[in-house]
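> need coordinates for the following:
(one chain, ligands or ions: 1)
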Amino acid sequence: MSTSKFAVAGATGRLGRHVVDVLAERGHQVVPMSRATGVDIITGTGLAEALAGVDVIIDVASWHASDREAATEFFRTATRNLHETGRQAGVGRAVAVSIIGADKATAGFVAAQQVHEEAHLSCPLPARILRAAQFHEFVGQLLDWQQGDVAYIPTLPTQLVACRTVAETLVALAEDPDAPAQAAPGTPIPEIAGPRTETMADAAKLLGARRGIQVVEVDGSGMPDAEIAAAGAFLPRPHATLAGPTFQEWLDTQACPAST
Ligand SMILES: NC(=O)c1ccc[n+]([C@@H]2O[C@H](COP(=O)([O-])OP(=O)(O)OC[C@H]3O[C@@H](n4cnc5c(N)ncnc54)[C@H](OP(=O)(O)O)[C@@H]3O)[C@@H](O)[C@H]2O)c1
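Predicted coordinates:
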């Protein structure tokens, strides 16, 4: 296997840490990019230096809140900066993660991923997208957002996947210079999801039991796109790759269950 130099935007995040690990295990050179490592993909601070000599950018950076407009602005600016600075640095291509169902979403953070995808696919560097299901690691984040010993979690269907599994799939896509172009109509964007459908509330109950938090099921009304989510809009399409571990199997490997 030939090795390359990869710059990872969002390298310190939930997913980014696993992307860095997988790249290193596969013998690649890695440039971690986040504000914590001195690279700001919005202001451009440190970006040109970070991208010098890089072959492929992997974009797993994220906005921290659910507001659609703010998240859209983050993804639009970050993607433009990554591509423009990348082109000047001689980077060959880019790969980014998005969310399964982004194309169907009409509100909130998931809908902001539409601009993220479009920006990558229309920017100067050849780019590929991987859509992922909600992460196993996201369930802990949902519990963290609630206060006290009771958490109200929607019964919306999901097909949770481990960040490590997403990272392995993303790196494989990033390593492949011949991955099919996705801008053409009819070319499906690849998807990665976990092995089985469950509800977010069921997964949260498993984690809540370990944390001493009582999980109460709610119907999700009031959440962005609850109706289409209930109808399965955020479940993988038939062409998706499904891969373990299940949420329960993943939980059993976590010494101290945490959101990160
Ligand atoms: N959560 C899910 O279940 C899920 C499911 C499917 C897809 N996704 C997508 O996966 C991606 C990664 O999500 P995540 O949960 O891993 O995100 P995360 O844990 O919130 O990590 C975000 C990363 O972005 C970096 N970042 C933020 N602002 C930056 C800036 N201005 N310059 C440089 N780096 C910046 C952060 O580092 P610093 O703070 O140090 O800058 C951090 O490394 C997102 O696009 C998300 O939508 C998430």
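
> what's residue 115 sitting at in phi/psi?
Here is the backbone geometry of residue 115 (degrees, to the nearest 10): phi -70, psi -40.

> that one against residue 74, yeah?
No - between residue 115 and residue 74 there is no contact under Cβ atoms under 8 Å: 9.5 Å. All C-beta atoms are positioned from the backbone trio N, CA, C, and that covers glycine.

> who's more crowded, those two?
Shown here are residue 115 and residue 74; by other Cβ atoms under 10 Å, residue 74 has more neighbours (21 against 18).

> tell me the SS of residue 98?
Under DSSP: H, G, I helix; E, B strand; the rest coil, the three-state class of residue 98 is strand.

> ok, the one 3 residues further on next?
Secondary structure, three-state DSSP: residue 101 is coil.

> where's residue 178 relative to the ligand, distance?
Per Cβ to the nearest ligand atom, to the nearest Å, residue 178 is found 24 Å from the ligand.

> where do the strands sit along this structure?
Using DSSP state E, the strands of the chain run over 5-9, 29-33, 56-59, 93-99, 127-132, 150-154, 157-158, 191-193, 198-199, 214-218, 241-242.

> near the ligand, which residues of this protein?
Residues of the chain lying close to the ligand (Cβ under 6 Å from any ligand atom) are 9-16, 33-36, 39-42, 60-62, 64, 97, 99, 132, 134-135, 138.

> inside helices: which ones of the residues you listed?
14-16, 138 (DSSP state H).

> let me know the closest of these to residue 157.
residue 138 (14.4 Å; Cβ to Cβ).

> tally of neighbours for the closest one?
17.

> hang on, the earlier thing: tell me the most buried of the strands of the chain?
strand 56-59 (a mean of 28; mean count of other Cβ atoms under 10 Å).

> partners of that strand in the sheet?
Its sheet considered, strand 56-59 pairs with strand 5-9 (parallel), strand 93-99 (parallel) by DSSP bridges.

> okay, the ones you listed in TSV with mean pLDDT next?
Compiled in TSV, the strands paired with strand 56-59 are given as follows (pLDDT from 0 to 100):
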stretch	mean pLDDT
strand 5-9	99
strand 93-99	98
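
> and these: which comes nearest residue 79?
Using Cβ to Cβ, the strands paired with strand 56-59 put strand 93-99 closest to residue 79, at 7.5 Å.

> how far out from the middle of the chain is that closest one?
9 Å (Cα atoms, centre = their mean, to the nearest Å).
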